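Undergrad: After the sequence you'll find the predicted model.
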Amino acid sequence: MTGIGNVKLRIVLIVFMATICSLSAYAQDALDKGRRIISETNRELRVSQETIDRADEKTLEMLGEYKAARKEIDNYNIYNGQLRDLIASQVEEMRLLADDIDEIASTGRRVMPFMQEMIDGLSEFVDSDYPFLPEERRTRIEQLNADMKRADVSVAAKFRQILEAYQIEIDYGNTMEAYEGDLEGRKAVFLKIGRIGLYYLSLDNQHCGAWDMANKQWQVLEDIDYRLAIAKAIGIAKKQRSPELFVTAVAPAEER
């Protein structure tokens, strides 16, 4: 019985040791697996943090560009406001003169040369301005010159037509328009943003440019972001898109 008991005891010990070894191997596998999971998690966290850091840098860069663009726009708004007030004051003086034209016949002899000077001044302004809607603006001036020679149009009517032409030019500075036209023998869509900038976009959306006021010529814009921004602005001008912020190239504001 003692021998048999010893044998049983050894068997139990062997089974117990085998169980211990099996549990130890299982625990080691679990521990290794846990370490791999932690290592992979740490690597993914590092990648996520790097992505966040890059996004923060890009956000700060875009914020800086936005602030610079807003400052430039504010400068143009101040300049346009000053120009609008100056022209509005001149137009008001012209209207006061127009009220007296029909009553004082002798005024006609003095007003006619003055009106011609106004037309010539308007023509010079159009020539030096952004070349938007060229046919429409030149036709308007040609009509004013033609009416000056007509005896069947009263002096007051001629003067009012000149005032209307000046008012139209004032309004151009406060509107955004998009229209099709010819550009060096090919069709393009033109975008006028007040008197801040004039742009074009080819009909295939592959080429765009901005009018360089300093050099009086078109400047090609190669960056695809400009093409996208101009296309977006054209959609807004045509009321095909809801108004939203867009950034594009503008010339530096002149110091006044």
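TA: Cool, got the structure. Residues are numbered from 1 along each chain as shown.
Undergrad: my guess is residue 132 is in a strand, correct?
TA: No - under DSSP: H, G, I helix; E, B strand; the rest coil, residue 132 falls outside any strand and is assigned coil.
Undergrad: excluding its backbone neighbours, what's nearest it?
TA: residue 192 (4.3 Å; Cβ to Cβ, 6 or more residues apart in numbering). C-beta here means a position set from N, CA and C on the backbone, and glycine is covered the same way.
Undergrad: in its sheet, what does the helix or strand the one you found falls within sit against?
TA: Using DSSP states H and E, residue 192 maps to strand 186-193. Neighbouring strands of strand 186-193 in its sheet, by DSSP bridges, are strand 176-183 (antiparallel), strand 197-202 (antiparallel).
Undergrad: Can you report phi and psi for residue 153?
TA: phi -110, psi 120 (degrees, to the nearest 10).
Undergrad: Equivalent analysis for residue 175, please.
TA: phi -130, psi 160.
Undergrad: Confirm for me that it is in contact with residue 194.
TA: Yes - the criterion here is Cβ atoms under 8 Å, and residue 175 meets it with residue 194 at 6.8 Å.
Undergrad: More neighbours: which of the two?
TA: The neighbour comparison of residue 175 against residue 194 (other Cβ atoms under 10 Å) goes to residue 194, with 17 against 11.
Undergrad: if I look at the more buried one, how far off is residue 167?
TA: 15 Å (Cβ to Cβ, to the nearest Å).
Undergrad: Now do the helices in the stretch 151-256 of the chain.
TA: For the stretch 151-256 of the chain, helices defined by DSSP state H, counting those that start in this stretch occupy the ranges 155-172, 224-237.
Undergrad: What angle do strand 186-193 and the longest one make with each other?
TA: What it means is helix 155-172. 90 degrees (axes from the mean of the first three to the mean of the last three Cα atoms, to 10 degrees).
Undergrad: what's next to helix 155-172, contact-wise?
TA: 84, 87-88, 90-91, 94-95, 97-98, 101-102, 107-108, 111-112, 115, 118-119, 122, 125-126, 132-133, 137, 140-141, 143-144, 147-148, 192, 194-195 (Cβ atoms under 8 Å, 6 or more residues apart in numbering).
Undergrad: could I have it exported to CSV, CA atoms only?
TA: What follows is helix 155-172, C-alpha atoms only, in CSV (Å, rounded to 0.1, in the frame of the first residue of the first chain):
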residue,chain,number,x,y,z
VAL,A,155,-28.4,120.5,-72.4
ALA,A,156,-30.1,119.2,-69.2
ALA,A,157,-30.6,115.8,-70.8
LYS,A,158,-27.0,115.6,-71.9
PHE,A,159,-25.9,116.5,-68.4
ARG,A,160,-28.1,113.9,-66.8
GLN,A,161,-26.7,111.3,-69.2
ILE,A,162,-23.2,112.2,-68.1
LEU,A,163,-24.1,112.0,-64.5
GLU,A,164,-25.7,108.6,-65.1
ALA,A,165,-22.5,107.4,-66.7
TYR,A,166,-20.4,108.6,-63.7
GLN,A,167,-22.9,106.8,-61.3
ILE,A,168,-22.5,103.5,-63.3
GLU,A,169,-18.7,103.8,-62.9
ILE,A,170,-19.1,104.4,-59.2
ASP,A,171,-21.3,101.3,-58.9
TYR,A,172,-18.7,99.1,-60.6
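Undergrad: how far is that helix from where the chain is centred?
TA: Taking Cα atoms, centre = their mean, to the nearest Å, one finds the center of helix 155-172 at 31 Å from the center of the full chain.
Undergrad: Repeat that for the last one.
TA: When distances are taken as Cα atoms, centre = their mean, helix 224-237 is centred 7 Å away from the chain's centroid.
Undergrad: Specify the angle between it and strand 186-193 in degrees.
TA: Using the same axes, to 10 degrees: helix 224-237 against strand 186-193 is 70 degrees.
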